[in-house]
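Engineer: what follows is a predicted protein model with its sequence.
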Amino acid sequence: QVQLVESGGGLVQAGDSLRLSCAASGRTFSTDGMGWFRQVPGKEREFVAAISWNGGSTRYADSVQGRFTISRDNAKNTLYLQMNSLKSEDTAVYYCAERNGRLARTTQDDYEYWGQGTQVTVSS
């Protein structure tokens, strides 16, 4: 059974940093592309960042480019999202996702497995 467990969310002030983690189990993590998405109540879930199976390729939403960094540790089966210079508009529930494929993809339909999410709140 695939399990993705996010952690690291919380309440921070604008300009602060946070690092989200996603612990994966149940699949061969090291061969799967991974992604982060986020959702605000009343809005569609949106793409944030994605990384290929070996970390060699990354993709970012324009809104987070230059502020967020996605990375992975295949030895620890863990995905990360380093978020710097946080803004109030980054407030959302952040979801970790895993796909049955090696490449970094930006659309939700490309991901088969999802975590429960972690809340990030940025106060201005």
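Structural biologist: Arrived safely.
Engineer: which residue is the nearest non-sequential neighbour of the most centrally placed residue in the chain?
Structural biologist: Nearest residue to the geometric centre of the chain (Cα atoms, centre = their mean): residue 36, 2.3 Å. Leaving out its chain neighbours, the residue that sits closest to residue 36 by Cβ to Cβ, 6 or more residues apart in numbering is residue 48, at 4.3 Å. The way it works is simple: take the backbone N, C-alpha and C, and place the C-beta from them, glycine included.
Engineer: need the pLDDT of the one you found.
Structural biologist: Reading off the confidence values, residue 48 has pLDDT 98.
Engineer: enumerate every residue touching it.
Structural biologist: 35, 36, 37, 38, 60, 61, 64, 68, 81, 94 (Cβ atoms under 8 Å, 6 or more residues apart in numbering).
Engineer: most widely separated two among the residues you listed?
Structural biologist: In the contacts of residue 48, two members sit farther apart than any others by Cβ to Cβ. They are 60 and 94, at 14.0 Å.
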